[in-house]
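Chemist: heads up, no residue letters with this:
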Ligand SMILES: NC(=O)CC[C@H](N)C(=O)O
């Protein structure tokens, strides 16, 4: 969000006098400095608009979308999903939950703030590729370290632009998720690419094992003090949380640390018995890519931990919890991906604007008695959060850590702390 504010400041000088800015002078100096120091032309794109189409996106429904390439070249298959976030493409590119997917941004103008050193949500880009309407021909931001095109090329990720993202989004909304093949290779025929898209599937595939860490590690970084916004819920007491890494986003770890937790991150296959031996105050089941029904080993791990220690599930973690409690998950028509999804907290009655990224959901009707639906997605009524107070379980289908997205749901980390505190006091 701050990136957007700085970027706006470049376009509209009136934003220099934001009344609520903690330090307007600092903002002005940084903004002006960045406009001259980091304004870079994107290599290879300065010839626009004369670059001719050199890439194709072939969808499994037989449609062929001609486009211009940036980033890496080659041929790549993936499931196309659309993301409605207005800002935060770097966090989206580094969210491991996008493994196996092409992210199509509905915001038409991408790349204007480049990429920086601080907004990475993991150490790698796991997504299949990026599909955008228009790539910015210059980058201009005080934190910009390189252009989006260079960044993707270095990580061997394909991108295409000058493609009708509105038309593709309407198709996905109407017909549901579609598998596609992105290719810059002239030698491959349309028929070959179509065949590739039709013979590939993301359902039933364990994508977690490809993104989880290989060894346990301790995490200490909090949200940078310059960006911290929520000082409630901390009283100096440190709770030890073990976080299962199913593809964990760094901001989940930063927010837990900012809320006063000492954190150990463990691989997705780490035995539950090892965790319980460490006697943590709580266990977090993270977000992660793919089909929750394709990872029965993870559901078994969750089952072994439930009821023994307070737990918090986020996105994939929420889906695995739903299954471990005896419920079912199903694939949605086109899922939820974006930083602007309204959710109602049924306990408080408040509506949150949330960050979401999922294609699967828990069917609340399949859950046993005693499990409470705590949050509902207001766009389609789907289950957005669960609690099972008898076993100190809470979970959200969406992202309280945002990154990118609004901070409305950060209170959920505070609720997890309260849950751990309650159990510790009564122990
Ligand atoms: N962000 C996530 O954890 C995604 C969850 C799951 N892979 C889905 O698509 O529904």
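Modeler: Thanks, I have the structure now. This is a predicted model, so every value here is computed, not measured. Numbers count the residues shown, from 1 in each chain.
Chemist: Where does the prediction get shaky in the protein?
Modeler: Low-confidence segments of the chain, defined by pLDDT under 70: 1-50, 231-236.
Chemist: Stretch 203-214: end-to-end distance?
Modeler: End-to-end distance for stretch 203-214: 24 Å, by Cα to Cα, to the nearest Å.
Chemist: Could you list the buried residues of that stretch?
Modeler: Neighbour counts over stretch 203-214 (16 or more other Cβ atoms under 10 Å) mark 205, 207, 208, 209, 211, 212, 213 as buried. (Glycine included, C-beta is placed from N, CA and C.)
Chemist: Please identify which helix or strand holds the first one.
Modeler: When secondary structure is defined using DSSP states H and E, no element contains residue 205, which sits outside every helix and strand.
Chemist: Does it touch residue 291 like I think?
Modeler: Yes. When contacts are counted by Cβ atoms under 8 Å, residue 205 is listed as touching residue 291 (6.5 Å).
Chemist: For this protein, which residues are neighbours of the ligand?
Modeler: Applying Cβ under 6 Å from any ligand atom, we find that the chain lies next to the ligand at 97, 287, 288, 289, 290, 315, 316, 357, 358, 359, 360.
Chemist: Report all helices and strands that the longest helix along the chain contacts.
Modeler: The longest helix of the chain (DSSP state H) is helix 411-426. Applying 3 or more Cβ pairs under 8 Å, 6 or more residues apart in numbering; DSSP states H and E, we find helix 411-426 packed against strand 239-245, helix 250-258, strand 282-285, strand 311-314, strand 393-396.
Chemist: Could you check how far residue 113 is from the ligand?
Modeler: The gap separating residue 113 from the ligand is 23 Å, by Cβ to the nearest ligand atom, to the nearest Å.
Chemist: In contact with the spatially most central residue of the chain: list those residues for me.
Modeler: For the chain, the residue nearest the mean C-alpha position is residue 95 (4.5 Å; Cα atoms, centre = their mean). By Cβ atoms under 8 Å, 6 or more residues apart in numbering, the residues touching residue 95 are 121, 122, 127, 249, 287, 357.
Chemist: quick one, strands of the stretch 201-350 of the chain?
Modeler: 217-219, 239-245, 261-267, 282-285, 311-314, 328-345 (DSSP state E, counting those that start in this stretch).
Chemist: Just checking: what are the partner strands of the third one?
Modeler: Using DSSP bridges, the neighbouring strands of strand 261-267 in the sheet come out as strand 217-219 (antiparallel), strand 239-245 (parallel).
Chemist: now what about it, what contacts it?
Modeler: Residues outside strand 261-267 that contact it (Cβ under 8 Å, 6+ apart): 212-220, 238-245, 248, 253, 256-257, 274-275, 278, 280, 282, 417.
Chemist: Going by neighbour count, which residues in that strand are buried?
Modeler: By neighbour count on 16+ other Cβ under 10 Å, the buried set for strand 261-267 is 261, 263, 264, 265, 266, 267.
Chemist: Over to the last one?
Modeler: Applying a neighbour-count criterion of 16+ other Cβ under 10 Å, the buried positions in strand 328-345 are 329, 331, 334, 335, 336, 337, 338, 339, 341, 343, 344, 345.
Chemist: which element is the spatially closest residue to the fourth one that is not a sequence neighbour on?
Modeler: On the basis of Cβ to Cβ, 6 or more residues apart in numbering, the spatially nearest residue to residue 335 that is not a chain neighbour turns out to be residue 359, at 3.6 Å. With secondary structure defined by DSSP H and E, residue 359 is part of strand 351-363.
Chemist: on contacts alone, who are the packing partners of that strand?
Modeler: Using 3+ Cβ pairs under 8 Å, 6+ apart, strand 351-363 sits against strand 75-83, helix 316-324, strand 328-345, strand 383-388.
Chemist: Show residues contacting the shortest one.
Modeler: Read that as strand 383-388. Residues from elsewhere that reach strand 383-388, judged by Cβ under 8 Å, 6+ apart: 313, 318, 321-322, 325, 343, 345, 354, 361-364, 367, 370-377, 393-398.
Chemist: Off-centre distance for the helix or strand residue 152 falls within?
Modeler: Secondary-structure assignment from DSSP H and E places residue 152 in helix 148-154. Put simply, helix 148-154 sits 19 Å off its chain's centre (Cα atoms, centre = their mean, to the nearest Å).
Chemist: before we move on, the earlier item: buried among the contacts of residue 95? Need that as a selection in ChimeraX.
Modeler: Of the contacts of residue 95, the buried ones can be selected in ChimeraX as follows, counting by 16+ other Cβ under 10 Å:
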select :121,122,127,249,287,357
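Chemist: Stretch 125-143: end-to-end distance?
Modeler: For stretch 125-143, the separation between the terminal residues is 20 Å (Cα to Cα).
Chemist: Run the chain-centre distance for that stretch.
Modeler: That offset, for stretch 125-143, works out to 16 Å (Cα atoms, centre = their mean).
Chemist: now the longest helix of the chain against strand 383-388, angle please.
Modeler: Counting by axes from the mean of the first three to the mean of the last three Cα atoms, to 10 degrees, helix 411-426 lies at 10 degrees to strand 383-388.
Chemist: ok, residues contacting helix 411-426?
Modeler: With contact meaning Cβ under 8 Å, 6+ apart, helix 411-426 is reached by 230, 232-233, 237, 239, 241, 255-256, 258-261, 281-282, 284, 309-310, 312, 392, 394, 396, 400-401.
Chemist: That helix versus helix 250-258: what angle between them?
Modeler: Calculated by the same axes, to 10 degrees, helix 411-426 forms an angle of 40 degrees with helix 250-258.
Chemist: Would you mind listing the buried residues in helix 411-426?
Modeler: For helix 411-426, the neighbour count (16+ other Cβ under 10 Å) marks 411, 412, 413, 414, 415, 416, 417, 419, 420, 421 as buried.
Chemist: how much space between the last one and the ligand?
Modeler: In this structure, residue 421 and the ligand are separated by 26 Å, where distance is defined by Cβ to the nearest ligand atom.
Chemist: That residue and residue 217: what is the separation?
Modeler: Taking Cβ to Cβ, to the nearest Å as the measure, residue 421 falls 25 Å from residue 217.
Chemist: ok, now the fifth one?
Modeler: In this view, residue 415 and residue 217 are 26 Å apart by Cβ to Cβ.
Chemist: List the contacts of the closest residue to residue 173 other than its chain neighbours.
Modeler: Distances taken as Cβ to Cβ, 6+ apart put residue 334 closest to residue 173, at 5.9 Å, once the chain neighbours are dropped. Shown in contact with residue 334 (Cβ under 8 Å, 6+ apart): 81, 82, 172, 173, 176, 177, 359.
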